[in-house]
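Trainee: Output the structure for:
(chains A and B)
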2 protein chains.
Amino acid sequence: MLGWDREAGMPASGGDARARQSGLIAAMAHRELVRPDMGDVLVALEGATPPGSDAMRQVQLMRRRRDRAVRLPEDLVRAHSEATSRSVTAWIAARPADDYAAFAGPFGEVVARSRDAAVLLADGGDPYDALLDEYEPGARAADLEPVFAHLRTALAPILERRSAQGLHPLPAREWPQGPQLGLARAVASMVGFDADAGLIAPTAHPFTQTLGAGDVRFSIRHHIRDPLENVMITLHEAGHAMYEQGLPAEYEGTPLREAPSLGAHESQSRFWENHVGRTRAFWERCLPVVREHLGDAAADLTVPGVVRAANGVAPTFIRVDADEVTYHLHIALRFILETQLIRGSLDVADLPDAWDALMQDMVGVRPDRVSVGVMQDIHWPEGLFGYFPTYTLGSLYAAQLAEAADEALGGLDAAVADGRFGDVLAFMRDRIHRHGSRYPTAELMRRATGRELSADALLRHLAAPPTA
Amino acid sequence: MLGWDREAGMPASGGDARARQSGLIAAMAHRELVRPDMGDVLVALEGATPPGSDAMRQVQLMRRRRDRAVRLPEDLVRAHSEATSRSVTAWIAARPADDYAAFAGPFGEVVARSRDAAVLLADGGDPYDALLDEYEPGARAADLEPVFAHLRTALAPILERRSAQGLHPLPAREWPQGPQLGLARAVASMVGFDADAGLIAPTAHPFTQTLGAGDVRFSIRHHIRDPLENVMITLHEAGHAMYEQGLPAEYEGTPLREAPSLGAHESQSRFWENHVGRTRAFWERCLPVVREHLGDAAADLTVPGVVRAANGVAPTFIRVDADEVTYHLHIALRFILETQLIRGSLDVADLPDAWDALMQDMVGVRPDRVSVGVMQDIHWPEGLFGYFPTYTLGSLYAAQLAEAADEALGGLDAAVADGRFGDVLAFMRDRIHRHGSRYPTAELMRRATGRELSADALLRHLAAPPTA
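Mentor: A predicted model of the protein is given here:
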């Protein structure tokens, strides 16, 4: 609640008090988790709960959460927190000046403290896995490395072929901002977001937040570049929000009523964004809705024009502006470099050269300055290592789920063309949402798709874009 | 935060989870307050803190809060809470049917449990005082009774004289709803609400809420009957909100950074609403702002017309619709009856007859059914005894403050006519806001106005309404 409101309502001058309030609540929750008698409670529950039951899964999820919290000494937690705070401050100051030297010191501290934590948590294993496990429980770098290696090799010719066709963006014009929230609401309701059990608000950066059962919220941008951007953001966040709305109600307030990982969550946002939202079938239904809300401004848009714009591909420096193909090369690059940073085989001082060389090799472009290269994202300065791969995992799972939906629904495209969004959502409810955290992500996806994790489905999807 | 959002954002389906969240936070706060070692902490602080210092006042305010919490046994708190819950449910069902008999049983339970609590808290004194003390610390029924008796006698001829002039409401029309929030913002900023340190939102019932230093919010109605209603609600809530914004920043998070009572708080809302907002001087400045926001709809409004509408008086059954004169007869009636209920001299079964007889005697009208009589308010079913008098106390203090401001500013009307709202606010900041809870309300007001509490100033104000 405090976090949602900070983005969606709070005046800037409320920030100091809000930070103290959020800090207090976080500290109280942490204190409950690490209380000595909580250890005894878990041991007692482990002895008294039927193995294989949902109840036992709850106990295991709490055990996992507590073990991570207990294992990190308080002084390391504080040192890491202070290092990330200094590093973000340095990043904010040094990025506009392209001054990596001024950033490297504070950032080096973050890497060092992250490694300290990783080594403690890994208990002899790969330290990177210990960080990855925070966001993608059960995932291991050794399993992801061949997948990313395959992606890297196979995406190169797809990027070359698709980028040869050039970009076809929507016409540049002053798109009206007033009706954008209404458009987002209409699109979200069309695909199945339950607006009576949540709401949509504008914020600086789109995100989804569950405030309690029956209250799932997401945001779109304050300012929207064009209706395509609005619809893609809406589908992405509505994918997250519909997942939250479909989690098992009977487990409210417990770790079972959560997605098992960020990758699982991202599978839902990317499914709606990329496997529904970029198709001709979808835009045949969506363009009239866009016209209804934007009026004259959208009068000259055509379905082929929007579908071409939605599927344009071109190599770019910047991850957040990247198309669906280039995006995963950006992630693969970060995955390669952050595993080396955490394992200690790459020095912070050598990071910019390593970044530029890898970017040249993988994407075919070489940043001429760090602000559009290694310093573009806030995530590493914030200490988020093991986080980026979940974006690509989400896309891999989304593509596998799209193929499974295609089979189950007698054609995903046909269902979308008929406006049978309810059938598509029912498929996700049944295969993914209703299970909550009952299974680890890999098992959940195996049950949902009948397949092991691989890059094949995503590569098939990217190799054969929708025809305009 | 949870309470603000429940009114201003939350979808209805989020209510169950929100009630659990609010209940948890309230229970945790209560648990901290009554912890056995908190008693030792207070004793130690009382011994070690300089008498008469602000620090000692903090200790005293915490002591008072804790003593009340500790004195009520948990089973009584629960019984009272369950009784009010059943009574509100019965009230909601029985009021539309005018069925007092169906309500009397559950309501009798609330009265009985409130008396139980009052007797425990009063420790041999007047049980009503113990309830009054929750909302108006330091106030005693024995001091208020002569004031209300004076009001009752002196208001009768004022009501007769002013109501003879009839009501002159604004013309009935479809007032545009869209620009009302903008109008509220403009009016609030004009009188001194710091919009950069708060916000205004629409809700079902207007209220003010502080979320932290630098974040004070208030609401106006979703649907506004006319611009006069909008402006009066805005001035009332902005009065509360500017008080919150002016509380001493150095005591954030402590009981010193709060108003000393509801009556003190209400003195601010009613000062701006009644002593500024109903004057000709104010509307000379405000009507152009109304026109700017409402355009054609407000084109035929005149300053005399709005001032006449703002000062119309007529006897009515319903408190919340009452004019400024009749209002205090409604409160006096409730004060008389609730002291009798809590002291045990009036039976719940006899309440409707007592209500109707008193209403006939004081206001000159007799309700023909309980829904517009004794069952009109939710407050008593909710167990709020000792609460109503704070509304009139607020008006008494507001009138005394208005006379003091008149003297200090060389004419309050002249200051408003010149648009010197900053001077008016500075007067309140200096005399009231900056002191927080440093003094009990009676002492705060004595220092601010040089007068003891009396009905004289309010009666002077009501006897001589602004000329249109």
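
Trainee: Which elements pack onto the helix or strand harbouring A:Leu333?
Mentor: According to DSSP states H and E, A:Leu333 maps onto helix A:326-343. Applying 3 or more C-beta pairs under 8 Å, 6 or more residues apart in numbering or on different chains; DSSP states H and E, we find helix A:326-343 packed against helix A:100-122, helix A:127-135, helix A:141-163, helix A:351-362, helix A:389-408. Any C-beta I mention is one placed from the backbone N, CA and C, and that applies to glycine too.

Trainee: what's the angle between the shortest one and helix A:326-343?
Mentor: For helix A:127-135 against helix A:326-343, the angle between stretch directions is 120 degrees (axes from the mean of the first three to the mean of the last three C-alpha atoms, to 10 degrees).

Trainee: quick one, which of the helices and strands packed on helix A:326-343 is nearest to chain B?
Mentor: Between chain B and these, the shortest gap by C-beta to the nearest C-beta is with helix A:127-135, which sits at 25.5 Å.

Trainee: ok and the closest one relative to helix A:141-163, angle-wise?
Mentor: For helix A:127-135 against helix A:141-163, the angle by the same axes, to 10 degrees is 80 degrees.

Trainee: Between helix A:389-408 and helix A:127-135, find me the angle.
Mentor: 60 degrees.

Trainee: And helix A:127-135, what does it pack against?
Mentor: helix A:100-122, helix A:141-163, helix A:326-343.

Trainee: Determine how far it lies from the middle of the whole chain.
Mentor: Relative to the centre of its chain, helix A:127-135 is centred 16 Å away, using C-alpha atoms, centre = their mean, to the nearest Å.

Trainee: Need the three-state assignment for A:Arg434.
Mentor: helix (DSSP: H, G, I helix; E, B strand; the rest coil).

Trainee: Skipping adjacent residues, who's closest to it in space?
Mentor: Closest residue to A:Arg434 apart from its sequence neighbours, by C-beta to C-beta, 6 or more residues apart in numbering or on different chains: A:Pro248 at 5.6 Å.

Trainee: and chain A, which residues reach chain B?
Mentor: Residues of chain A found near chain B (C-beta under 8 Å from any C-beta of the partner chain) are A:1-2, A:5, A:9-18, A:20-21, A:28, A:195-199, A:211-215, A:252-253.

Trainee: Other residues contacting the worst-scoring helix or strand of chain A on mean pLDDT?
Mentor: When each helix and strand of chain A is scored by mean pLDDT, DSSP states H and E, helix A:15-34 comes last, with a mean of 88. The contact list for helix A:15-34, computed with C-beta atoms under 8 Å, 6 or more residues apart in numbering or on different chains, reads A:2-3, A:6, A:10, A:38, A:65-66, A:69-70, B:1, B:28, B:211-215, B:252-253.

Trainee: What about those, which are in helices?
Mentor: A:Leu2, A:Gly3, A:Arg6, A:Met38, A:Arg65, A:Arg66, A:Ala69, A:Val70, B:Met28 (DSSP state H).

Trainee: List buried members of those residues by neighbour count.
Mentor: Taking 16 or more other C-beta atoms under 10 Å in any protein chain shown as the criterion, what is buried in those is A:Leu2, A:Arg6, A:Met38, A:Arg66.

Trainee: check contacts around the last one.
Mentor: If you count contacts by C-beta under 8 Å, 6+ apart, A:Arg66 has them with A:Leu33, A:Val34, A:Met38, A:Gly39, A:Leu42.

Trainee: try 10 Å
Mentor: A:Glu32, A:Leu33, A:Val34, A:Arg35, A:Met38, A:Gly39, A:Val41, A:Leu42 (C-beta atoms under 10 Å, 6 or more residues apart in numbering or on different chains).

Trainee: Of those, just the buried ones, PyMOL syntax please.
Mentor: To isolate the buried ones among those in PyMOL, judged by 16+ other C-beta under 10 Å, type:
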select buried, chain A and resi 38+42
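
Trainee: Which of the contacts of A:Arg66 sits closest to B:Arg225?
Mentor: Nearest to B:Arg225 out of those is A:Glu32 (C-beta to C-beta; 48.7 Å).

Trainee: mind checking how far that closest one is from chain B?
Mentor: 10 Å (C-beta to the nearest C-beta, to the nearest Å).

Trainee: A:His435 too?
Mentor: Look at A:His435 and chain B: by C-beta to the nearest C-beta, they are 21 Å apart.

Trainee: Not counting residues beside it along the chain, what's closest to that residue?
Mentor: A:Leu444 is the one closest to A:His435 (C-beta to C-beta, 6+ apart), at 5.9 Å.

Trainee: host element of the one you found?
Mentor: Counting by DSSP H and E, the element that carries A:Leu444 is helix A:441-449.

Trainee: May I have whatever helix or strand comes next after that helix exported as PDB, CA atoms only?
Mentor: Once helix A:441-449 ends, the next helix or strand along the chain (criterion: DSSP H and E) is helix A:456-463. The C-alpha trace of helix A:456-463 is given here as PDB (Å, rounded to 0.1, in the frame of the first residue of the first chain):
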ATOM      1  CA  ASP A 456      13.100 -23.400 -29.300                       C
ATOM      2  CA  ALA A 457       9.600 -22.000 -29.000                       C
ATOM      3  CA  LEU A 458      10.800 -18.500 -28.600                       C
ATOM      4  CA  LEU A 459      13.100 -18.900 -31.600                       C
ATOM      5  CA  ARG A 460      10.200 -20.200 -33.700                       C
ATOM      6  CA  HIS A 461       8.100 -17.200 -32.600                       C
ATOM      7  CA  LEU A 462      10.800 -14.700 -33.400                       C
ATOM      8  CA  ALA A 463      11.700 -16.300 -36.700                       C
END
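
Trainee: neighbouring contacts of helix A:456-463?
Mentor: The contact list for helix A:456-463, computed with C-beta under 10 Å, 6+ apart, reads A:147, A:150-151, A:153-155, A:157-159, A:161-162, A:270, A:274-275, A:278, A:311, A:313, A:323-325, A:327-328, A:392, A:395-404, A:449, A:451, A:455.

Trainee: Check which residues of the helix holding A:Leu333 are buried.
Mentor: For helix A:326-343, by 16+ other C-beta under 10 Å, it's A:326-342.

Trainee: Let me see the contact set for A:Glu229.
Mentor: Counting by C-beta under 10 Å, 6+ apart, A:Glu229 makes contact with A:Leu170, A:Trp175, A:Gln180, A:Ile220, A:Arg221, A:His223, A:Ala309.

Trainee: now do A:Ala12
Mentor: Counting by C-beta under 10 Å, 6+ apart, A:Ala12 makes contact with B:Asp196, B:Ala197, B:Gly214, B:Asp215.

Trainee: List only those of those flagged as buried.
Mentor: By 16+ other C-beta under 10 Å, the contacts of A:Ala12 give B:Ala197, B:Gly214, B:Asp215 as buried.

Trainee: any idea how far chain A is from the first one?
Mentor: Separation of B:Ala197 from chain A (C-beta to the nearest C-beta) stands at 4 Å.

Trainee: sorry, back to before: now the helix holding A:Leu444: buried residues?
Mentor: A:Thr441, A:Ala442, A:Leu444, A:Met445, A:Ala448, A:Thr449.

Trainee: Also stretch A:308-319?
Mentor: In stretch A:308-319, counting by 16+ other C-beta under 10 Å, buried: A:Arg308, A:Ala309, A:Ala310, A:Asn311, A:Gly312, A:Val313, A:Ala314, A:Pro315, A:Thr316, A:Phe317, A:Arg319.

Trainee: ditto for stretch A:104-111
Mentor: Neighbour-count burial for stretch A:104-111, counted by 16+ other C-beta under 10 Å, picks out A:Ala104, A:Pro106, A:Phe107, A:Gly108, A:Glu109, A:Val110, A:Val111.

Trainee: Can you tell me the closest non-neighbouring residue to the fourth one?
Mentor: Translated: A:Gly108. Nearest to A:Gly108 is A:Val348, by C-beta to C-beta, 6+ apart, at 4.3 Å.
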